[in-house]
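**Q** Build me a model:
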Amino acid sequence: MTFPQGLDGDVVAEVRGRDARADAQTAIDVLDELDVGIDIAVESNDIVAIETRHARMDMEPLVGAGVRGGFGRHVATLFPEHGARRSLCYSALEDLAGALLVSGYARLHDGLIPQTREMTDLAASIQADICIGWAADGPVIATMREHGYNPVPLGPAAPSFGAADSLLTDRSGLQFLNRFSQAGDQVLAHAE
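**A** You can find the predicted model right below:
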């Protein structure tokens with residue numbers, strides 16, 4: 001999920017994938033590929049446009065569909081043959097609502113979604129049953145209804161790479177850390 005207009009703007013889901021298999025001689029056979037951009041309106045969570053760069057199914061019927069509760073059922077109704085064989089496109093679309101839900105945590109962390117009882121009740125009503133973790137009778141929705149806030153997960157602070165930290169932001173030097181490993185409490189960075 002990307003926010004090309006900033007965290008308060010519309011969402012663009014860049015959805016890419018590839019199904020491939022290798023034979024006994026390790027030759028790779030690409031079975032299916034997917035590369036689409038799905039524009040989602042921030043206010044309504046409706047799909048407003050789809051840019052299909054590569055897909056084996058016509059996703060245009062999804063324009064206008066809401067990507068909240070019921071989206072998976074809508075996809076199953078529109079594309080039953082893809083659902084029956086669990087095509088790459090179908091599987092990716094099935095995960096779209098959950099990915100959109102999780103991307104909302106960025107807005108919560110930034111304070112763009114107020115942690116008020118009214119907003120929490122609204123979130124609980126429109127997000128219930130969007131995925132198993134947000135089941136209407138599950139612990140996340142129950143916590144929201146009982147306490148009046150949206151439980152925002154926060155992980156631990158990221159470890160420092162020490163002197164290599166500058167590699168992450170300094171564009172005049174190395175562009176990225178190629179790999180890293182952790183030994184005990186010390187993070188060892190390897191730049192190439």
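**Q** got any ranges where this structure has weak pLDDT?
**A** 153-155, 157-192 (pLDDT under 70).
**Q** for the spatially most central residue of it, what are its contacts?
**A** Closest to where the C-alpha atoms of the chain average out (Cα atoms, centre = their mean) is Ala99, at 2.8 Å. Contacts for Ala99 (Cβ atoms under 8 Å, 6 or more residues apart in numbering) come out as Met1, Ala13. Every C-beta, even on glycine, is put in place using the N, C-alpha and C of the backbone.
**Q** The one 3 residues further on now?
**A** Contacts here follow Cβ under 8 Å, 6+ apart; on that basis Val102 touches Met1.
**Q** Tell me the spacing between it and Met57.
**A** Remark: distance between Val102 and Met57 (Cβ to Cβ, to the nearest Å) = 24 Å.
**Q** re earlier: flag every buried residue along the strand or helix carrying the residue nearest to the centre of the chain.
**A** Using DSSP states H and E, Ala99 maps to helix 96-110. By neighbour count on 16 or more other Cβ atoms under 10 Å, the buried set for helix 96-110 is Leu96, Ala97, Gly98, Leu100, Leu101, Ser103, Gly104, Leu108.
**Q** Check stretch 39-51 too.
**A** Neighbour-count burial for stretch 39-51 flags Asp39, Ile40, Val42, Asn45, Asp46, Ile47, Ile50 (criterion: 16+ other Cβ under 10 Å).
**Q** Which SSE is immediately downstream of the helix or strand containing Glu33?
**A** Secondary structure assignment for Glu33, by DSSP H and E: strand 28-40. Scanning forward in sequence from strand 28-40 by DSSP H and E, the next helix or strand is strand 47-54.
**Q** by contact count, what packs against that following strand?
**A** Where contact means 3 or more Cβ pairs under 8 Å, 6 or more residues apart in numbering; DSSP states H and E, strand 47-54 is packed against strand 28-40.
**Q** quick one: strands adjacent to the strand it packs on?
**A** If you go by DSSP bridges, strand 28-40 pairs up with strand 11-22 (antiparallel), strand 47-54 (antiparallel).
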